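Trainee: sharing a sequence plus its predicted fold:
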Amino acid sequence: MEITKIALCCIFILQGCLLGVSVQLKVHQIFMITTPLNQLWLYDTTLRDGTQREGLSVSIEDKLRIAHRLDELGIPFIEGGWPGANPKDGQFFQQLQQNPLKQAEAVPFCSTRRPHTKAADEPMLQAILAAGTRWVTIFGKSWDLHVTAGLKTNLEENLAMIGDTIEYLRSQGRRVIYDAEHWFDGYKQNPDYALQTLKAAATAGAEWLVLCDTNGGTLAHEVSQIVKDVSCQEIHQIGIHTHNDSEMAVANALAAVMAGAKMVQGTINGYGERCGNANLCSVIPNLQLKLGYSCIGEHQLSQLTEASRFVSEVVNLAPDEHAPFVGISAFAHKGGIHVSAVERNPLTYEHIQPELVGNQRRIVISEQSGLSNVLAKARTCGIELDKDHPQARQILQRMKKLESEGYQFEAAEASFALLMYEALECRQQFFKVQGFQVHCDLVEVEATTNSLATVKVSVNGKNILEAAEGNGPVAALDAALRKALVNFYPQIADFELTDYKVRILNGNRGTSAKTRALVESGNGQQRWTTVGVSSNILEASYQAVVEGLEYGLLLHFQAEKLLKV
């Protein structure tokens, strides 16, 4: 089948040459001619629909970084925004012309022309053409309610708006994707008119007709049946665009594909307006690994987790730790029976191999853990233990005792690693804190609090006394420790405190309640979390900060040792 398609493509070009006709087929066009039957086309709208999420804002530089990362992931279509609607989106496409994508098609987004005007005279369409892309996406109204109540025009004029806009863009050499906004609601209310809007777009030259569940209220069985109804019309290539207001976006996208849709629109991490869009981080592996469709290459699929976390980092939103496929907890095992079974055969509690999507199995340590958790966790730290090792049960009992006191090792795996090293008498002591003091001054005029921390540290038998200021007691303490140690361990300058959380464990005790402090640290390549517990919030924080520095040094010297080997 594929050889035949390629041969036809070559014949087409040869015929053009014999007839003296210039035939130009871009790589993208050739790829469409040679597309296998199970090929699906992914369309990412993170940079347009995704940025409509409340609390999400990105710069032009952020958008460019995300676009190029999605290009590397193998996404064929990347929607970059609405040029003309705001300066940022117009500048994005201008800069993209200077640094183009390698394989993906950048796509601007726009509405049809306004009622009772001409598309050629529409300023917003000129901004779309100025974006300089091969493809454009135009959305139009499918629901008669929106035509009469929203656009305040008649049904015939809406059809003219769709047709005139697409015909004009086609006359300017653009290929068009038509997004049928509110398609499912419109079809359920007035199927005949909804189909007329699709036919108007297809007749005018749109190559893709994307059915949009804009309000996100349609269920999977409805999506399946309606997509089948449209497919029977043999209008054109069908796509699907779903929102997650009913927690059905991914399921609806899959249902549409199984009913005949060949393009799936969505966003990385499901970002989008209100409750979000179909999450491509779930859509892609479900389609490719479960249903056998071809979306992106296997190597690119193994980068999915990294891409998900990259985008969340750029948009400055915390990753969803429990997200399917790409979340840090997606393949985490906590119960002792589960861990024991997974150690024998991962299929017992894992629906796919985590490495297929670039994730990894994690063994979680908690008071619910059994000996198998400890043994498995020890292996991830390069420690080989068996159930008969005298320290194995000692580590388990020590961990459970500390958890009963308020420690939480499933959220502080670095502290658990240090606990294991200590039990096995191989915990390296890089430094020892002899004591610390923290002094806080409230400047009422400026309404600020200044903190001064003094620490006394011993390194290789040498005592160092240092002081540092901070905007709070923990910041001052952290700064003083780093200042005291950096001359001995220069790599500490690369460590940073990336997160700090405090939890009151027994609130009924008021201000004398026990506090748990979690400190996340990083070195630019790795992150690790440590924990401290005390009725004194500064002491709890001190424990976590000190162990964070200690574990960072441990990672550095372990990596250095591996490089020497």
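Mentor: Looks like it came in fine.
Trainee: per-residue confidence at residue 25?
Mentor: Looking at residue 25, its pLDDT reads 42.
Trainee: again with residue 7
Mentor: At residue 7, pLDDT is 47.
Trainee: could you pull out the strands in the stretch 351-500 of the chain for me?
Mentor: Under the criterion DSSP state E, counting those that start in this stretch, the stretch 351-500 of the chain contains strands at 362-363, 432-443, 448-459, 462-470, 496-504.
Trainee: outside of the last one itself, list whatever touches it.
Mentor: Right, strand 496-504. With contact meaning C-beta atoms under 8 Å, 6 or more residues apart in numbering, strand 496-504 is reached by 474, 478, 513-523, 527, 529, 537, 540-541, 545, 548. Every residue, glycine included, has its C-beta placed from N, CA and C.
Trainee: one more pass at 7 Å, please.
Mentor: For strand 496-504, contacts defined as C-beta atoms under 7 Å, 6 or more residues apart in numbering pick out 474, 478, 513, 515-522, 527, 537.
Trainee: ok, now the fourth one?
Mentor: Counting contacts by C-beta under 7 Å, 6+ apart, the residues outside strand 462-470 that touch it are 434, 450-457, 476, 479-480, 483-484.
Trainee: next, give phi and psi for the residue nearest to residue 334 when sequence neighbours are not counted.
Mentor: Once flanking residues are discounted, residue 334 sits nearest to residue 364: 4.1 Å by C-beta to C-beta, 6 or more residues apart in numbering. Backbone torsions of residue 364, given as degrees, to the nearest 10, read phi -90, psi 140.
Trainee: what about residue 364, how many neighbours?
Mentor: Counted with other C-beta atoms under 10 Å, the neighbours of residue 364 add up to 21.
Trainee: OK, contacts around it?
Mentor: Contacts of residue 364 by C-beta under 7 Å, 6+ apart are 332, 333, 334, 410.
Trainee: before we move on, what about residue 238?
Mentor: So residue 238 contacts 209, 211, 227, 230, 231, 260, 261, 262 (C-beta under 7 Å, 6+ apart).
Trainee: what's the local residue count around the nearest residue to it once chain neighbours are set aside?
Mentor: Spatially, and ignoring its direct neighbours in sequence, residue 238 is nearest to residue 261 (4.7 Å; C-beta to C-beta, 6+ apart). When neighbours are defined as other C-beta under 10 Å, residue 261 has 27 of them.
Trainee: residues contacting residue 164?
Mentor: If you count contacts by C-beta under 7 Å, 6+ apart, residue 164 has them with 113, 118, 119.
Trainee: apply 6 Å and report the result again.
Mentor: Residue 164 makes contacts with residue 119, as judged by C-beta atoms under 6 Å, 6 or more residues apart in numbering.
Trainee: same check, this time on residue 320
Mentor: residue 327.
Trainee: cool, and residue 265?
Mentor: By C-beta under 6 Å, 6+ apart, the residues touching residue 265 are 43, 45, 241.
Trainee: and for residue 454?
Mentor: Counted by C-beta under 6 Å, 6+ apart, residue 454 has contacts 437, 467.
Trainee: can you rerun that using 8 Å?
Mentor: Residues counted as contacts of residue 454 (C-beta under 8 Å, 6+ apart) are 436, 437, 438, 439, 465, 466, 467, 480.
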